[in-house]
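Q: Build the 3D model from these lines:
(chains A, B, C and D)
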Number of protein chains: 2
Amino acid sequence: MRAEGADHGNCQEACRPLTDILVRIGDKWTVQVIGALSKGSLRYSQIFKQIEGVSQRMLTLTLKGLERDGLVTRTIYPTIPPRVDYALTDRGRTLIEPLHVLWTWAYENRDAIDETRRAFDQRRDEEASSTPRILPRYEAAAVTRRAD
Amino acid sequence: MRAEGADHGNCQEACRPLTDILVRIGDKWTVQVIGALSKGSLRYSQIFKQIEGVSQRMLTLTLKGLERDGLVTRTIYPTIPPRVDYALTDRGRTLIEPLHVLWTWAYENRDAIDETRRAFDQRRDEEASSTPRILPRYEAAAVTRRAD
DNA sequence: CTGGATCCGCAGGGATACTG
DNA sequence: CAGTATCCCTGCGGATCCAG
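A: Numbering: from 1, shown residues only, chains lettered A, B, ... in the order given. Prediction:
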C-alpha cells in the first residue's frame, strides 16, 4: 500500500491546495458534522443538539463551508416554521471511510497518548522546578552601577 | 469495513478526547511534519527548509506537541554547532497510513472541490449584486429626524 | 425554527531579536 | 544550528440580539 499518487516529498506547489483541504477537513466541528450526517440527513436543530458545545454561529459556518465544498446539500422546506435538511453528497460520503480510519486510530491510541502526555508534562515540571533560577548575567553590571 | 469500534452516534463524552486528538492531527503543520518525517529522520533545519511557509516558532511548537504525544523522538547531539534529529516513533508511524488515505482523498478531490467552490462563490456574488440593496427600515425615522 | 448581523475577548501565529 | 523570548496583530469563535 505505497501508492505514490500523491508526492509527499517536495510538495512546494502541490501541497498548498491539499493542506488547504486537509485543514478544512481536520477542523474541530467539520469532523463531527460529517460524523453526524454519515447516518442520514438531519435537520439543523438535530445536528445542533447532537454536537455538544458548538455554537449556532459555528454550526452554520461549518455547514456552509461543507456546502461550498460540495460535501453536503442544503434542502429548504418553505414551511412555517421553516425546516432545513442537511445531507452528505456522494462526494461527502466518500469522506466517511478516510475519516473513519482516522477516527479509529484516535480511538485506539487515545489512552496511550493521554498517558504519554502526562508523563511528558510531569517530567517538564520537574525540570522546571529543579532549575536553580538562572540569574541574568547583567546582575554584576547592575551591582557596579549601585555606587555610581 | 463497518467496524463499529468507535461510536459515531451519541458521542457525548467519548468524543471529547477524540476530537482533541483529531484537531491536533489535522493541524496545518502537523500533517506536513509527519509527511516529511515519514521517509526517515530529519534535522530541524531540514524540516524547516522542506515545509515552506512555516515559522521557526510554529515548527518548534508543532514538533514539541508531537513529541509530547509520543509521535516523534527528539535526539540531541551535543556537538558544535548543535544538531537535533527528529524521527517518527512506532506510534507515529502508525499514523502514516491513515494520513495517507486522507491525503489521497484530498489529492483526488481537490480539482472538483476547487471548481465547486468557484461555482458556489459566483452564485453567491450574483445573488448579492441582484439584491436591490435592502434599505434599513429605520430610514423613515431617520428622515423625520432631519428637520428636528 | 433557521439562520444573519454585530460586538468583542483572546489565543494562534507571524516577525524579529537574542542565546547557548 | 537550534531554538527561546517578545511584540503585536489578525481572525476564530462565543454571546447576544434581530429577521424571515
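Q: Next to DNA strand C, which bits of chain A? Give me the list.
A: With the criterion set to C-beta under 7 Å from any atom of the strand, chain A comes near DNA strand C through A:43-45, A:48, A:56-57, A:60, A:63-64, A:74, A:81-84, A:86, A:137. C-beta here means a position set from N, CA and C on the backbone, and glycine is covered the same way.
Q: One more pass at 10 Å, please.
A: A:23, A:42-49, A:55-57, A:59-61, A:63-64, A:67, A:74-77, A:79-86, A:134, A:136-138 (C-beta under 10 Å from any atom of the strand).
Q: Which strands or helices does the host helix or strand of A:Pro98 pack on?
A: Here A:Pro98 sits within helix A:96-130, counting by DSSP states H and E. When contacts are defined as 3 or more C-beta pairs under 8 Å, 6 or more residues apart in numbering or on different chains; DSSP states H and E, helix A:96-130 packs onto helix A:28-37, helix B:15-25, helix B:56-68, helix B:90-93, helix B:96-130.
Q: burial count for A:Asp20?
A: 15 (other C-beta atoms under 10 Å in any protein chain shown).
Q: Give me the pLDDT for it.
A: pLDDT for A:Asp20: 84.
Q: Remind me which helix or strand whichever residue of chain A sits closest to DNA strand C belongs to.
A: As assessed by C-beta to the nearest atom of the strand, DNA strand C sits closest to A:Ser45 within chain A, at 2.7 Å. A:Ser45 is part of helix A:44-50 when elements are defined by DSSP H and E.
Q: centre of the chain versus that helix, how much separation?
A: Here helix A:44-50 is found 20 Å from its chain centre; the criterion is C-alpha atoms, centre = their mean, to the nearest Å.
Q: So what does whichever residue of chain A sits closest to chain B have for phi and psi?
A: Nearest residue of chain A to chain B: A:Gly26, at 1.6 Å (C-beta to the nearest C-beta). Main-chain dihedrals, A:Gly26, degrees, to the nearest 10: phi -70, psi 0.
Q: how about the nearest residue to it once chain neighbours are set aside, what does it touch?
A: Closest residue in space to A:Gly26, ignoring its immediate chain neighbours: B:Gly26 at 1.6 Å, by C-beta to C-beta, 6 or more residues apart in numbering or on different chains. Contact partners of B:Gly26, counting by C-beta atoms under 8 Å, 6 or more residues apart in numbering or on different chains, are A:Leu22, A:Val23, A:Ile25, A:Gly26, A:Asp27, A:Val31.
Q: Write out the residues of chain A neighbouring DNA strand D.
A: Counting by C-beta under 10 Å from any atom of the strand, chain A sits next to DNA strand D at A:27-30, A:53-62, A:65, A:78, A:80-84, A:134.
Q: of the residues you listed, buried ones?
A: A:Asp27, A:Lys28, A:Trp29, A:Thr30, A:Val54, A:Leu59, A:Thr62, A:Gly65 (16 or more other C-beta atoms under 10 Å in any protein chain shown).
Q: between these, which is nearest A:Arg110?
A: Nearest to A:Arg110, judged by C-beta to C-beta, of these is A:Lys28 at 15.9 Å.
Q: what's the span of stretch A:48-56, first residue to last?
A: 7 Å (C-alpha to C-alpha, to the nearest Å).
Q: near chain B, anything from that stretch?
A: Yes. Counting by C-beta under 8 Å from any C-beta of the partner chain, chain B is contacted by stretch A:48-56 at A:Gln50, A:Glu52.
Q: distance between that stretch and the chain's centre?
A: 16 Å.
Q: what's the average pLDDT for it?
A: Regarding stretch A:48-56, the rounded mean pLDDT is 94.
Q: can you check stretch A:71-79 too?
A: The model assigns stretch A:71-79 a mean pLDDT of 96.
Q: now that stretch, how far from the chain's geometric center?
A: Using C-alpha atoms, centre = their mean, the offset of stretch A:71-79 from its chain centre is 26 Å.
Q: May I have it as CSV, with CA atoms only?
A: Extracted C-alpha coordinates of stretch A:71-79, given in CSV (Å, rounded to 0.1, in the frame of the first residue of the first chain):
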residue,chain,number,x,y,z
LEU,A,71,-19.8,17.8,0.6
VAL,A,72,-23.3,18.4,1.9
THR,A,73,-26.6,19.5,0.4
ARG,A,74,-28.9,22.0,1.9
THR,A,75,-32.6,21.5,1.3
ILE,A,76,-35.1,24.1,2.4
TYR,A,77,-38.8,23.3,3.0
PRO,A,78,-40.6,26.6,2.9
THR,A,79,-43.0,25.7,5.7
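Q: Stretch A:70-80 near chain B at all?
A: Yes. Using C-beta under 8 Å from any C-beta, stretch A:70-80 reaches chain B at A:Gly70.
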